[in-house]
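>>> Below are the sequence and a predicted model for it; my questions follow.
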Amino acid sequence: MAADRLKSLASRALGLWRVVKLFREVGHRGIPATADHVRAQTTRILDALDPVTRMVSEINEAGYAANVLSQTAGAAVAAAESAIEKTSIVLGHAILDEVLTECCQVSARLMPENWTGLVQNRKVTLGEALRTPAAEIGGQFLADYLDQLGRESMRTRVDILNQRYQPAPAFEYERRPYRFDRERLEAIDLHRQSILHKLELAREAEAREADDLLYLEATCFYFIYIVAHKHGIALDPMREALDRLRSKSISPVQLSYEGLLLATSLPFADEQVWSAGGQVFATANGRSRQLPLLMPAATPDVSSDHRQLVFVKYRQRPGVQLADCEGIFSQIGDIWISPIDGSNAECVLEGGPRPGLVPPVAGLFPEELEGITSPRFDPDARLVYFIAAAWTTSGAIYVLDLKSREVKYFTDGNAFVVLHGEPHRGSLLVSKHRYYEPPNQGSYDHLWLVSPAVEVGEDFGEDIDAALVKLYGPGGRKRAFPHLR
């Protein structure tokens, strides 16, 4: 019966919202332990840094380690809190989506005459008309329509239900008066889409998100209530839930779910942490993985004669304070060079505003060098190539002449290596972001050979080792980078 189906929906919705609330409570209770874990693992990373990295960084300065631990734990807590709120919005929206679909199904059973008008203009073959009673054909058309309706936007189902159940009676949820607000639901849906499709993790919306979550919950029961009220169905969601539990002779509630509050690249307890060349690794059971770190002296590179280091150091942007997850945006990266022992370091390129960058590139802001990373010497240590922020899907590779200190745009790319072995000495193997030609959709990242004269050569696909073998033959990596032996 439709009434039983509506009562079942009410109790199921209540149970789902209990899961969301439990998820939030467990998540927030676990945040202090998460912060302690992040601090402990970050300490392991700092302790494992090799002597070269220590010499070119501020790790030995008073208070530096404590500052890193505080910022790392703060970022982890902020990310976890944001993830909990935003995951809750996505879950709550999904519950409302299911409730609206089910309310449409129940409504069509309770008053089919109000729904058949939506399918009365559907066409039917003469053969079907002769073989099948009209009521059965209409029922099938309506079932097909409702099935399709469940896949359409939430807005469509909201409008259809409101058209059929107005004027709606006054409704309260958790002793607070409820007012249906279509614009607010649309705004919540847009926010949900931003969370899903843009991986939005900004914290500014958290206070609003908690209130929006309660509004989604109330809206679920508002629609269940107006359908029940019009058809004279008495509803008590909590009583319905308890009755369902008793009828199945099961224990009150058995909830099990897996949650991932914060995904990090921190080492596990059984992994050994070590570092080389400024990069930190974790190894267990014979397998190693690199741990991405943002150190004040980051992404160092050694010259081919093993006499110099080039690296990035970060400094605070004037007038901007570090703020939780936004620390990277309040810092400026500069390129420094030092002897191999890290002494007498010299800044060779300041990031930030830099009038006179040439040549102008369409869509690129030529007066700024933001997000500088990955400086790399050319084979003669006369030039330094590096990446800076540029377009939405791609960085820009620049080249710095160490003698003249002139910096120029080189090519687009998100990653690169400088080849030191003949016959491609001085060329770059660059990972570029590209889009498929119509009618294909999507994008890809492949490696291209780019000469010092910025002549873009062959597309070598996405596998760097395969590309090096094609360029240099067997043992391609060793032949491409002989200075690293």
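Looks like it arrived, so ask away. Since we're looking at a predicted model, the values are computed, not measured.
>>> Asn440: which element?
Here Asn440 is covered by no helix or strand, with elements defined by DSSP states H and E.
>>> So for it, what's the pLDDT?
You'll see Asn440 listed with a pLDDT of 70.
>>> 738 is where my numbering starts, stick with that
In the new numbering, first residue 738, that becomes Asn1177.
>>> residues in contact with it?
By Cβ atoms under 8 Å, 6 or more residues apart in numbering, the contact set of Asn1177 is empty. C-betas here are computed from N, CA, C, even on glycine.
>>> and what of Ala810?
Neighbour list for Ala810: Ala772, Asp773, Val775, Arg776, Thr779 [criterion: Cβ under 8 Å, 6+ apart].
>>> Let's have the residues you listed in TSV, adding neighbour count, secondary structure and pLDDT.
Shown next, in TSV, are the contacts of Ala810 (neighbours: other Cβ atoms under 10 Å; DSSP: H, G, I helix; E, B strand; the rest coil; pLDDT from 0 to 100):
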residue	neighbour count	secondary structure	pLDDT
Ala772	19	helix	87
Asp773	11	helix	89
Val775	22	helix	84
Arg776	15	helix	86
Thr779	22	helix	83
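>>> Using a markdown table, lay out those residues together with distance to Glu923.
Output for the contacts of Ala810, formatted as a markdown table (distance: Cβ to Cβ, whole Å):
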| residue | distance to Glu923 |
| --- | --- |
| Ala772 | 36 |
| Asp773 | 41 |
| Val775 | 37 |
| Arg776 | 42 |
| Thr779 | 42 |
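>>> out of those, who's nearest Cys840?
Proximity of the contacts of Ala810 to Cys840 (Cβ to Cβ) peaks at Ala772, which lies at 42.3 Å.
>>> Name the nearest residue to that closest one, sequence neighbours excluded.
Nearest non-adjacent residue to Ala772, counting by Cβ to Cβ, 6 or more residues apart in numbering: Ala810, 4.4 Å away.
>>> Leu933 versus that neighbour, what's the distance?
Shown here: Ala810 relative to Leu933, a distance of 28 Å by Cβ to Cβ, to the nearest Å.
>>> give me phi/psi at Lys1207?
Main-chain torsions, Lys1207, degrees, to the nearest 10: phi -70, psi -30.
>>> State the number of residues packed around it.
A total of 14 residues lie near Lys1207 under the criterion other Cβ atoms under 10 Å.
>>> Tell me who's in contact with it.
Contacts of Lys1207 (Cβ under 8 Å, 6+ apart): Phe1197, Gly1213.
>>> any low-confidence regions in the stretch 938-1087 of the chain?
Scanning the stretch 938-1087 of the chain for pLDDT under 70 picks out 938-944, 975-1004, 1011-1018, 1027-1034, 1053-1068, 1078-1080.
>>> in it, which spans are strands?
1009-1013, 1016-1021, 1024-1028, 1034-1039, 1045-1053, 1068-1076, 1083-1086 (DSSP state E, counting those that start in this stretch).
>>> could I get the ones you listed as CSV with mean neighbour count?
Output for the strands of the stretch 938-1087 of the chain, formatted as CSV (neighbours: other Cβ atoms under 10 Å):
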stretch, mean neighbour count
strand 1009-1013, 15
strand 1016-1021, 17
strand 1024-1028, 12
strand 1034-1039, 21
strand 1045-1053, 20
strand 1068-1076, 20
strand 1083-1086, 15
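>>> Among those, which comes closest to His968?
Short answer: strand 1024-1028, nearest of the strands of the stretch 938-1087 of the chain by Cβ to Cβ, at 59.0 Å.
>>> related to what we said a few turns ago, what strand or helix carries the residue nearest to Ala772?
Judged by DSSP H and E, Ala810 forms part of helix 801-847.
>>> how far is that helix from where the chain is centred?
Counting by Cα atoms, centre = their mean, to the nearest Å, helix 801-847 is centred 13 Å from the centre of its parent chain.
>>> what do you get for stretch 1149-1166?
Distance, stretch centre to chain centre, for stretch 1149-1166: 30 Å (Cα atoms, centre = their mean).
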